[in-house]
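**Student:** what's the 3D shape of this:
(chains A and B)
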2 protein chains.
Amino acid sequence: MSKAQMKKPLSEALKRYAPLVEAWLDRILPPEDRMPQEIHRAMRYSVFAGGKRLRPVLAIMTHRWAGGKSERIFPVASAIELIHTYSLIHDDLPAMDDDDFRRNKPTCHRVFGEAIAILAGDALSALAFEILAKYGNVRVVREVAKAIGTDGLVGGQVLDILGEGKPVSEEDVRNIHIRKTAALFAASARVGAILARSDRKTLDAITRYATNIGLAFQITDDVLDIVGNQEELGKDIGSDLQLDKATYPRAVGLKRSRQIARKLCEDAKAALPPDRDNSFFFALADFIVDRSY
Amino acid sequence: MSKAQMKKPLSEALKRYAPLVEAWLDRILPPEDRMPQEIHRAMRYSVFAGGKRLRPVLAIMTHRWAGGKSERIFPVASAIELIHTYSLIHDDLPAMDDDDFRRNKPTCHRVFGEAIAILAGDALSALAFEILAKYGNVRVVREVAKAIGTDGLVGGQVLDILGEGKPVSEEDVRNIHIRKTAALFAASARVGAILARSDRKTLDAITRYATNIGLAFQITDDVLDIVGNQEELGKDIGSDLQLDKATYPRAVGLKRSRQIARKLCEDAKAALPPDRDNSFFFALADFIVDRSY
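**Tutor:** Numbers count the residues shown, from 1 in each chain, chains lettered A, B, ... in the order given. Down below sits the predicted model:
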């Protein structure tokens, strides 16, 4: 992974915490030789396919930033990565976006078949909630559950599928992207803050920050689907155009999409209280709009 | 629904509590006119397709039996029904059992398409955990999450699919049915007892009871798939044979399957402490093996 577009506070946080997340994921996930082996192999295949772990690291860094010192943030943050992986597996299914590659590897259903892929997603979700309840608390469970329901991830995916081939306004796409991507970014940050017993004001600030970078992240994804490099991205490019998806470039053009992403990134930074050390959050926001992968 | 095979303590409990579960399900589920409408319609279509509500009523009755008086048991029990519905929607998918009918109605994916059906299942699961965390506690969340993961429902479904067309022993099928069906029956009863702050001994007793009737339930399902009446059952019969599924009749024959189910039903009754009013639990156990639908 090229670090060129990552500023130091981000690359340092990833270097420090991503390996801890990897270790927790390995500890949480049943071993491959445990019965039924097929499902555990499929779960591990997708979880360890090489994600950047941005969401769990955002949860951990928010926890620290908000004054939290709990070790429980590590399994809780890792559970959010399980949720993220589950959503990718289901999104890639033939009945959904029908994607063959993800992170330069064949998608879960291409390797294990559709049935096992659907069930691997289901199992990752169940395991995530088990871990959230074991190491977190009921507020944390509710945050994540809300973020992936019909007001969040699933709702976004539904609108995304139904929006294929239809005329689309900026507001329509915003609505989709807020649910499909921003909701889980926001939940990741909120969970970190909640476990640090943050007050309402801090929670509101970090929610505004994470929602904005989440939206910017998805807009940048839309842009990269057109101008990106397939190998660097690790997934099929041009698939949005092929499916005539509701994207920012389709709604407002490439140039304006980039402007909006940049504006969201600056709004995100402005949402944070100026009297704290926000360097990680600034670097993450910049990376999200500047990245080429 | 014919009440002929139901003894009074069971029919009375269903008459009293099933309508409360229905009301809570209606309250919990987003309305059909809420955006995105398609997914909310699909969720409601499957939840209100006419299930017997055995699992939530088992949770409620166990709560009462264990001395609990919390109103929270109603939404918690209803969340278990959401989980049950989610598992049925995914099991019926073309990539899984490819069933066209369930409860005398076309299955979710036949009405709403595969993508929406997968997402309706995902959304029901998310909503269930949101409700379990809101009205229950972390123990309740963990119980249900464990029951639907690879040691439970998903694991059972995986073994079920992989077992198609292969030689099968009684132990193999037992292993599948314990996960696929008994685990959620056990979780339903345990959740009721946990919310009543039951001691370990009571929890163990009700777990043995519910696991036994859950296993008996699935064996009876296997038997009815061969000898049942399609209209009365509300789903395609003979589908196990068609898919060459791992079933008790295939492993040990019809007669022996019925004997095993009856034995499990008696073992279930014997697991309960004799000094309590067990009439509902006895009637439920009898119904489960005597039913023709």
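
**Student:** Name the residues that touch the strand or helix carrying residue A:59?
**Tutor:** Using DSSP states H and E, the element containing residue A:59 is helix A:54-65. For helix A:54-65, contacts defined as Cβ atoms under 8 Å, 6 or more residues apart in numbering or on different chains pick out A:13-14, A:17-18, A:20-21, A:70, A:73-74, A:76-78, A:80-81, A:84, A:184-185, A:188-193, A:195-196, A:206, A:210, A:276-278, A:280-281, A:284. Where C-beta positions appear, they are placed from N, C-alpha and C, glycine not excepted.

**Student:** Mark which of these are buried, thanks.
**Tutor:** Neighbour-count burial (16 or more other Cβ atoms under 10 Å in any protein chain shown) applied to the contacts of helix A:54-65 gives A:13-14, A:17-18, A:20-21, A:73-74, A:76-78, A:80-81, A:84, A:184-185, A:188-193, A:195-196, A:206, A:210, A:278, A:280-281, A:284.

**Student:** where exactly do the helices run in the stretch 151-293 of chain A?
**Tutor:** A:153-162, A:170-177, A:183-195, A:200-227, A:230-233, A:239-243, A:248-252, A:254-271, A:279-290 (DSSP state H, counting those that start in this stretch).

**Student:** Out of those, flag the one nearest residue B:179.
**Tutor:** Relative to residue B:179, the nearest member of those by Cβ to Cβ is helix A:153-162, separated by 25.4 Å.

**Student:** Dump the closest one to PDB, keeping only the CA atoms.
**Tutor:** The C-alpha trace of helix A:153-162 is given here as PDB (Å, rounded to 0.1, in the frame of the first residue of the first chain):
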ATOM      1  CA  LEU A 153     -26.300   0.500   5.200                       C
ATOM      2  CA  VAL A 154     -29.200  -1.700   4.000                       C
ATOM      3  CA  GLY A 155     -31.300   1.300   3.200                       C
ATOM      4  CA  GLY A 156     -28.400   2.800   1.200                       C
ATOM      5  CA  GLN A 157     -27.900  -0.500  -0.700                       C
ATOM      6  CA  VAL A 158     -31.600  -0.700  -1.500                       C
ATOM      7  CA  LEU A 159     -31.700   2.900  -2.900                       C
ATOM      8  CA  ASP A 160     -28.500   2.200  -4.800                       C
ATOM      9  CA  ILE A 161     -30.000  -0.900  -6.500                       C
ATOM     10  CA  LEU A 162     -33.300   0.800  -7.200                       C
END
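
**Student:** same question for it, mean pLDDT?
**Tutor:** For helix A:153-162, the mean per-residue pLDDT is 96.

**Student:** Check whether residue A:278 really touches residue A:269, as I assumed.
**Tutor:** Yes. With contacts counted by Cβ atoms under 8 Å, residue A:278 reaches residue A:269, the gap being 7.1 Å.

**Student:** In the helix or strand bottoming out on mean pLDDT in chain A, which residues are buried?
**Tutor:** Using mean pLDDT, DSSP states H and E, helix A:230-233 stands out as the lowest-scoring helix or strand of chain A, at a mean of 73. Across helix A:230-233, burial judged by 16+ other Cβ under 10 Å covers residue A:233.

**Student:** got a list of contacts for it?
**Tutor:** So helix A:230-233 is contacted by A:2, A:104, A:224, A:236-237, A:292-293 (Cβ under 8 Å, 6+ apart).

**Student:** Many thanks, I have nothing further to ask.
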